[in-house]
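Novice: Requesting a structural model of the entry that follows:
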Amino acid sequence: MTKEIPEFSKGDISFKVENPNILITKDEILMNMNSDDIIYVDNRSEYALVMDQQGGNIPGAIHHWYLDLFEEFPNYFTLKKKEEIDSELLAKGIIKDKTIVVYCESAPQSALVYLVLKELSFPDVRLYLAGYDEWRIICSFL
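Specialist: So this is what the prediction gives:
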């Protein structure tokens, strides 16, 4: 046992995205705001949408909370069956022949949705990594 606090060298915490095509930037979103080929999907909770003080969401976005992909049990969650997820997404207008852009506050929830959509064979899914944290700032200038 010791009272000394060890020192650790600071490592490189940067990361490289192997396929940058999975990401979309605010500039790309702004340039394509009126495109009928893109569906924006907000993966935040209903509470986050209602309580946000500066704009709510990206204009025209469809709300699909990331936890709606799961079945809840007393101590854990499991992914719903593919058919059930497909049916829920289709009912909301989230279809495979469009580019799907998923976002949340800053990517942790939407990254999970991205992976599920790719697993469900959605061909063109993009992740807005900066998410609504960045969009909220953009809204204040529009």
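
Novice: Per-residue confidence, the most centrally placed residue in the chain, what does it come out as?
Specialist: Per C-alpha atoms, centre = their mean, the C-alpha nearest to the average position across the chain is that of Ser110, at 2.3 Å. We have a pLDDT of 94 for Ser110.

Novice: Also Met1?
Specialist: 68.

Novice: Repeat that for Glu105.
Specialist: Reported pLDDT for Glu105: 86.

Novice: Next: the one 10 residues further on.
Specialist: Leu115 is assigned a pLDDT of 94 by the prediction.

Novice: Tell me how many other residues crowd it.
Specialist: Using other C-beta atoms under 10 Å, Leu115 is surrounded by 13 other residues. Quick note: C-beta positions are derived from backbone N, CA and C, even for glycine.

Novice: hang on, it in a helix?
Specialist: Yes. Under DSSP: H, G, I helix; E, B strand; the rest coil, Leu115 sits within a helix.

Novice: Where do the helices of this structure begin and end?
Specialist: Secondary structure of the chain (DSSP state H): helices located at 26-31, 46-51, 82-91, 108-119, 131-139.

Novice: buried stuff in the lowest-mean-pLDDT helix or strand in the chain?
Specialist: Of all helical and strand segments in the chain, the minimum by mean pLDDT, DSSP states H and E falls on helix 46-51, at a mean of 78. By neighbour count with 16 or more other C-beta atoms under 10 Å, helix 46-51 contains the buried residues Ala48.
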